[in-house]
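> output the structure for:
(chains A, B, C and D)
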Number of protein chains: 2
Amino acid sequence: MKIGELSRRTGVSVRMLRYYEGEGLLAPLRTNSGYRDYGTAEEETVRRIKMLGGAGMTLETIKRLLPCVRNNDPAFTPCNELRKILTQQVGLIDERIETLSESRTILAGFLASVN
Amino acid sequence: MKIGELSRRTGVSVRMLRYYEGEGLLAPLRTNSGYRDYGTAEEETVRRIKMLGGAGMTLETIKRLLPCVRNNDPAFTPCNELRKILTQQVGLIDERIETLSESRTILAGFLASVN
DNA sequence: CTTGACCCTCACAGCGCTGTCAGACCTTAC
DNA sequence: GTAAGGTCTGACAGCGCTGTGAGGGTCAAG
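Residues are numbered from 1 along each chain as shown, chains lettered A, B, ... in the order given. As a prediction, this is how the structure comes out:
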């Protein structure tokens, strides 16, 4: 399928689909005239990228994760990197939450002192 | 005092001090030769900017907040905007934490499914 | 064969900082 | 007077996306 259709199906903008490719996350075939030609597998890949991105992952990180994901369908293939990356990501998120919580405390303190 | 000294005293880089000025958060005097000349009040302002920034605020937001802060010393002067802005900021942080928590849940789910 | 919808590549812009570099002047002290 | 160190302005770069626009092919239907 062409890029417009894939975009409609996945809800990912055409711009972003091309960007994924530039970042090495997708490698669609090309027609003679140069049009990108995506298969069903690519569609699934895009869905996963979207999902992982929605979980706050960088494309760079997703890229590292994709080899563990591309193979079979319903769940993830547990390759060596997988657990490691996921664990790192959770740690990263925890840090961010921690930072935000501290900020929240500070601001809430200010707010309380203004009462 | 000159910018270098202020930088040393506050721990804010020279670059950032100039940036604050460009954003309208500081307005130091100038010597005849064009050097910035900061007073004690400015130093205190920089400390506050740093603190509020550390609490996750945008310079833009801090700028709106400063008029409520500049006047007296130990705490904040409760001007009309103050409560409103602080409340907004706390709300913003809560949203971000919420988003991150959702991401965390998703990733933790993946991680669990890999076990 | 023309029109419209789609596709291509390349590149600029913006978010909110922050570092760094270039080219040039000022100040202090020897 | 010279040298070192501080300051000035201006501008480019990077983070990780994302939209938008220009300029130009492609494909299908009428």
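> next one: A:L29 from DNA strand D, what distance?
Distance, A:L29 to DNA strand D, by CB to the nearest atom of the strand, to the nearest Å: 13 Å. (C-beta placed from N, C-alpha, C; glycine too.)
> report pLDDT for that residue.
pLDDT for A:L29: 97.
> need the contact list for the residue nearest to it when sequence neighbours are not counted.
Closest residue to A:L29 apart from its sequence neighbours, by CB to CB, 6 or more residues apart in numbering or on different chains: A:D37 at 4.3 Å. By CB atoms under 8 Å, 6 or more residues apart in numbering or on different chains, the contact list for A:D37 reads A:M1, A:K2, A:P28, A:L29, A:R30, A:T31.
> was I right about the third one contacting A:R36?
Yes. Between A:P28 and A:R36 there is a contact at 4.3 Å, judged by CB atoms under 8 Å.
> ok so, going back, near DNA strand C, list only the ones from the contacts of A:D37.
A:K2 (CB under 7 Å from any atom of the strand).
> in strands, which of the contacts of A:D37 fall?
A:L29, A:R30 (DSSP state E).
> farthest-separated two in the contacts of A:D37?
A:M1 and A:R30 (13.2 Å; CB to CB).
> can you name the residues of chain A sitting close to chain B?
A:51, A:54-56, A:75-76, A:78, A:82-83, A:86-87, A:89-90, A:93-94, A:96-97, A:99-101, A:103-104, A:106-108, A:110-111, A:113-114 (CB under 8 Å from any CB of the partner chain).
> one more pass at 6 Å, please.
Applying CB under 6 Å from any CB of the partner chain, we find that chain A lies next to chain B at A:55-56, A:75, A:78, A:82-83, A:86, A:89-90, A:93, A:96-97, A:100, A:103-104, A:106-108, A:110-111, A:113-114.
> can you tell me which helix in chain A is longest?
Criterion DSSP state H: the longest helix present in chain A is helix A:80-114.
> packing partners of that one?
Under the contact criterion of 3 or more CB pairs under 6 Å, 6 or more residues apart in numbering or on different chains; DSSP states H and E, helix A:80-114 touches helix A:59-69, helix B:80-114.
> reformat the ones you listed as JSON lines; add mean pLDDT.
Converted to JSON lines, the helices and strands packed on helix A:80-114 look like this (pLDDT from 0 to 100):
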{"stretch": "helix A:59-69", "mean pLDDT": "87"}
{"stretch": "helix B:80-114", "mean pLDDT": "89"}
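> among the ones you listed, which comes closest to DNA strand D?
Nearest to DNA strand D, of all the helices and strands packed on helix A:80-114, is helix A:59-69, at 3.4 Å by CB to the nearest atom of the strand.
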